[in-house]
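> no letters, just coordinates:
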């Protein structure tokens, strides 16, 4: 990950750790979800369960050392299921207290971080 992408990721994670304006909570670090890559074939979907959510990222590139996914990201819970239409996904982070998903992605030479609601998949 290049320097501008790291700076953007750090700023985004710092923003997500701020208390929500609707209620007070402790500041928490947002852990990266380690998506399973072992024994996956190319174009497979990686699934991981975090709290009440199952997060699936489709389009695995087949490289366990530098994994990438082409997306989309599917978020499922008992109440809902939705898709996040991201570009090439490099990392996924979840903040359960605020029900937010942060995704680092890129396309060509552009890196970005997208922040989405875990319940609606809408950008935050």
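On my side now, so go ahead. Computed from a predicted structure; not experimentally measured.
> who does residue 74 bridge with?
residue 56, residue 83 (DSSP bridges).
> next helix or strand past the helix or strand of the chain with the lowest mean pLDDT?
One helix or strand of the chain scores below all others by mean pLDDT, DSSP states H and E: strand 32-33, with a mean of 58. Once strand 32-33 ends, the next helix or strand along the chain (criterion: DSSP states H and E) is strand 46-50.
> all strands of the protein, in order?
Using DSSP state E, the strands found in the chain span residues 32-33, 46-50, 53-57, 73-76, 81-84, 88-95, 100-107, 110-117.
> is it true that residue 53 touches residue 94?
Yes. With contacts counted by C-beta atoms under 8 Å, residue 53 reaches residue 94, the gap being 7.3 Å. Glycine gets a C-beta too; all of them are placed from N, C-alpha and C.
> which residues are common contacts for these two?
residue 118 (C-beta atoms under 8 Å, 6 or more residues apart in numbering).
> comparing those two, which residue is more hemmed in?
Comparing residue 53 with residue 94 by neighbour count (other C-beta atoms under 10 Å), the higher total belongs to residue 94, at 21 against 18.
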